[in-house]
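Asks: Got a sequence here, can you build the structure:
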Amino acid sequence: MHAQSNASTDHGLPTPTTPQDATLYTGAEAFPRDHRLYPATRWINRYGASRTMNLHVDIVSAEGEVYAGPAAMVFVIGEMGELGILPQHAPLLTRIRPGPVRICHDDEPEELLFVSGGLLEVQPHQVTVLADTAERAAEIDEAAAQRAKRRAEDTISSAADQVSLARAQAELAEAVARLEIVKRIWTQLP
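Replies: Numbers count the residues shown, from 1 in each chain. Reported below is the predicted structural model:
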(Lines give C-alpha, C1' and ligand atoms only; values in the text may rest on other atoms or scores of the structure.)
Protein backbone atom coordinates (compact mmCIF):
# COMPACT_ATOMS: atom_id res chain seq x y z
CA MET A 1 0.00 0.00 0.00
CA HIS A 2 1.26 3.49 -0.82
CA ALA A 3 1.95 5.95 1.96
CA GLN A 4 -0.15 9.09 1.96
CA SER A 5 1.57 12.45 1.78
CA ASN A 6 -0.43 13.77 4.75
CA ALA A 7 -0.81 11.79 7.95
CA SER A 8 -4.41 11.01 8.76
CA THR A 9 -6.32 10.63 11.96
CA ASP A 10 -8.87 8.01 12.98
CA HIS A 11 -11.68 9.94 11.31
CA GLY A 12 -9.93 9.84 7.92
CA LEU A 13 -9.18 13.56 7.58
CA PRO A 14 -5.60 14.62 6.97
CA THR A 15 -3.78 16.07 9.96
CA PRO A 16 -2.90 19.75 9.48
CA THR A 17 0.87 20.22 9.29
CA THR A 18 1.07 23.97 8.58
CA PRO A 19 -0.81 27.02 9.84
CA GLN A 20 -2.53 27.29 6.45
CA ASP A 21 -3.73 23.66 6.62
CA ALA A 22 -5.08 24.15 10.15
CA THR A 23 -6.93 27.30 9.09
CA LEU A 24 -8.37 25.40 6.15
CA TYR A 25 -9.61 22.51 8.35
CA THR A 26 -10.78 24.43 11.43
CA GLY A 27 -11.46 27.92 10.15
CA ALA A 28 -9.29 29.23 13.01
CA GLU A 29 -5.77 30.54 13.32
CA ALA A 30 -3.54 27.55 14.13
CA PHE A 31 -0.66 29.32 15.82
CA PRO A 32 -1.89 32.46 17.63
CA ARG A 33 0.44 35.27 18.61
CA ASP A 34 0.85 34.22 22.24
CA HIS A 35 -0.93 31.18 23.69
CA ARG A 36 -0.57 32.51 27.25
CA LEU A 37 -2.61 35.62 26.45
CA TYR A 38 -5.09 34.01 24.07
CA PRO A 39 -5.86 30.56 25.55
CA ALA A 40 -9.32 30.36 23.98
CA THR A 41 -7.75 30.32 20.52
CA ARG A 42 -5.66 27.28 21.49
CA TRP A 43 -8.75 25.41 22.77
CA ILE A 44 -10.82 26.43 19.78
CA ASN A 45 -8.13 25.14 17.44
CA ARG A 46 -7.83 21.88 19.38
CA TYR A 47 -11.54 21.13 19.58
CA GLY A 48 -12.72 22.75 16.37
CA ALA A 49 -15.37 25.04 17.86
CA SER A 50 -16.40 27.96 15.71
CA ARG A 51 -14.80 31.29 16.53
CA THR A 52 -18.09 33.07 15.85
CA MET A 53 -19.95 31.11 18.54
CA ASN A 54 -19.90 32.66 22.02
CA LEU A 55 -21.28 32.08 25.46
CA HIS A 56 -23.06 34.75 27.44
CA VAL A 57 -21.55 34.91 30.93
CA ASP A 58 -23.19 36.43 34.02
CA ILE A 59 -21.32 36.56 37.32
CA VAL A 60 -23.37 37.95 40.20
CA SER A 61 -22.90 38.18 43.94
CA ALA A 62 -24.98 39.51 46.81
CA GLU A 63 -23.49 42.97 46.15
CA GLY A 64 -24.60 42.97 42.50
CA GLU A 65 -23.52 42.07 38.99
CA VAL A 66 -19.73 41.73 38.64
CA TYR A 67 -19.52 40.66 34.99
CA ALA A 68 -21.95 40.31 32.09
CA GLY A 69 -20.79 39.76 28.55
CA PRO A 70 -19.68 37.35 25.84
CA ALA A 71 -16.89 34.77 26.12
CA ALA A 72 -15.35 32.11 23.92
CA MET A 73 -14.59 29.87 26.91
CA VAL A 74 -14.92 29.97 30.70
CA PHE A 75 -12.87 28.13 33.35
CA VAL A 76 -14.28 27.64 36.87
CA ILE A 77 -13.16 25.49 39.80
CA GLY A 78 -16.02 23.15 40.69
CA GLU A 79 -16.36 20.71 43.58
CA MET A 80 -14.62 17.95 41.62
CA GLY A 81 -11.96 20.08 39.87
CA GLU A 82 -11.57 22.66 37.13
CA LEU A 83 -14.27 22.92 34.48
CA GLY A 84 -13.67 24.28 30.99
CA ILE A 85 -16.89 25.44 29.34
CA LEU A 86 -17.22 25.99 25.59
CA PRO A 87 -20.34 26.95 23.62
CA GLN A 88 -22.86 24.09 23.33
CA HIS A 89 -21.72 22.57 26.64
CA ALA A 90 -24.16 20.11 28.19
CA PRO A 91 -26.45 21.60 30.86
CA LEU A 92 -24.84 21.48 34.29
CA LEU A 93 -25.52 22.69 37.82
CA THR A 94 -22.75 22.40 40.42
CA ARG A 95 -21.21 24.08 43.43
CA ILE A 96 -17.98 25.98 42.94
CA ARG A 97 -15.00 26.41 45.21
CA PRO A 98 -13.18 29.62 46.09
CA GLY A 99 -10.82 30.53 43.29
CA PRO A 100 -10.43 32.10 39.89
CA VAL A 101 -12.97 32.37 37.12
CA ARG A 102 -11.15 32.83 33.81
CA ILE A 103 -13.14 34.34 30.96
CA CYS A 104 -11.43 33.81 27.61
CA HIS A 105 -12.17 35.80 24.48
CA ASP A 106 -11.24 35.02 20.87
CA ASP A 107 -8.75 37.79 20.23
CA GLU A 108 -8.32 39.50 23.60
CA PRO A 109 -6.44 38.62 26.77
CA GLU A 110 -8.46 36.63 29.29
CA GLU A 111 -10.28 38.30 32.17
CA LEU A 112 -9.67 37.01 35.66
CA LEU A 113 -12.17 37.23 38.53
CA PHE A 114 -12.27 35.82 42.05
CA VAL A 115 -15.29 34.04 43.51
CA SER A 116 -15.48 32.81 47.09
CA GLY A 117 -17.78 29.92 46.26
CA GLY A 118 -21.34 29.57 45.09
CA LEU A 119 -23.23 27.88 42.27
CA LEU A 120 -22.53 27.43 38.56
CA GLU A 121 -25.30 26.93 36.02
CA VAL A 122 -24.37 26.02 32.45
CA GLN A 123 -26.74 26.03 29.48
CA PRO A 124 -25.59 25.53 25.85
CA HIS A 125 -25.02 29.27 25.29
CA GLN A 126 -25.28 30.69 28.82
CA VAL A 127 -23.03 30.48 31.91
CA THR A 128 -24.27 31.90 35.21
CA VAL A 129 -22.17 32.08 38.37
CA LEU A 130 -24.07 32.88 41.57
CA ALA A 131 -21.21 33.71 43.91
CA ASP A 132 -21.13 34.34 47.64
CA THR A 133 -18.70 37.18 46.90
CA ALA A 134 -17.00 38.06 43.64
CA GLU A 135 -14.48 40.66 42.52
CA ARG A 136 -12.27 41.41 39.57
CA ALA A 137 -8.67 40.29 40.02
CA ALA A 138 -7.35 43.85 39.76
CA GLU A 139 -9.48 44.87 42.75
CA ILE A 140 -8.07 42.27 45.16
CA ASP A 141 -6.25 43.80 48.13
CA GLU A 142 -3.13 41.67 48.62
CA ALA A 143 -2.36 43.02 52.10
CA ALA A 144 -5.89 42.27 53.30
CA ALA A 145 -5.65 38.74 51.87
CA GLN A 146 -2.32 38.20 53.70
CA ARG A 147 -3.89 39.39 56.97
CA ALA A 148 -6.91 37.10 56.44
CA LYS A 149 -4.58 34.16 55.80
CA ARG A 150 -2.60 34.80 59.01
CA ARG A 151 -5.82 35.26 61.00
CA ALA A 152 -7.24 31.96 59.66
CA GLU A 153 -3.98 30.10 60.40
CA ASP A 154 -4.02 31.43 63.99
CA THR A 155 -7.66 30.41 64.40
CA ILE A 156 -6.92 26.90 63.08
CA SER A 157 -4.08 26.42 65.55
CA SER A 158 -6.26 27.48 68.50
CA ALA A 159 -9.67 26.17 67.39
CA ALA A 160 -11.72 24.96 70.35
CA ASP A 161 -14.39 23.04 68.43
CA GLN A 162 -15.11 21.53 65.02
CA VAL A 163 -17.33 24.42 63.89
CA SER A 164 -14.58 26.99 64.53
CA LEU A 165 -12.06 24.77 62.80
CA ALA A 166 -14.25 24.29 59.70
CA ARG A 167 -14.98 28.03 59.48
CA ALA A 168 -11.27 28.88 59.79
CA GLN A 169 -10.34 26.30 57.12
CA ALA A 170 -12.88 27.85 54.73
CA GLU A 171 -11.48 31.33 55.42
CA LEU A 172 -7.94 30.03 54.83
CA ALA A 173 -8.93 28.46 51.50
CA GLU A 174 -10.51 31.74 50.39
CA ALA A 175 -7.46 33.81 51.40
CA VAL A 176 -5.05 31.42 49.67
CA ALA A 177 -7.16 31.51 46.49
CA ARG A 178 -7.09 35.33 46.50
CA LEU A 179 -3.30 35.33 46.92
CA GLU A 180 -2.89 32.84 44.07
CA ILE A 181 -4.86 35.15 41.77
CA VAL A 182 -2.65 38.10 42.76
CA LYS A 183 0.43 35.95 42.07
CA ARG A 184 -0.99 34.94 38.68
CA ILE A 185 -1.52 38.58 37.76
CA TRP A 186 2.09 39.43 38.61
CA THR A 187 3.46 36.50 36.57
CA GLN A 188 1.42 37.55 33.49
CA LEU A 189 2.73 41.11 33.42
CA PRO A 190 5.18 41.75 30.58
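Asks: helix or strand for E65, which one?
Replies: Using DSSP states H and E, E65 maps to strand 64-71.
Asks: Just the buried positions in that strand, please.
Replies: Within strand 64-71, the residues that count as buried by 16 or more other Cβ atoms under 10 Å are V66, Y67, A71. Yep, even glycine has a C-beta here, placed from its N, CA and C like the rest.
Asks: same question, stretch 115-127
Replies: So stretch 115-127, judged by 16+ other Cβ under 10 Å, has buried residues V115, S116, G117, G118, L120, V122, V127.
Asks: centre of the chain versus the helix or strand hosting the last one, how much separation?
Replies: If I follow you right, that is V127. Using DSSP H and E, V127 maps to strand 126-131. Centre-to-centre, strand 126-131 and its host chain are 12 Å apart (Cα atoms, centre = their mean, to the nearest Å).
Asks: immediately after it, which helix or strand?
Replies: strand 134-136.
Asks: helices or strands next to that following strand in the packing?
Replies: On a contact count with 3 or more Cβ pairs under 8 Å, 6 or more residues apart in numbering; DSSP states H and E, strand 134-136 meets strand 55-61, strand 64-71, strand 111-115.
Asks: Including pLDDT, could the buried residues of stretch 115-127 go into TSV?
Replies: Shown next, in TSV, are these (pLDDT from 0 to 100):
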residue	pLDDT
V115	92
S116	88
G117	89
G118	93
L120	96
V122	95
V127	96
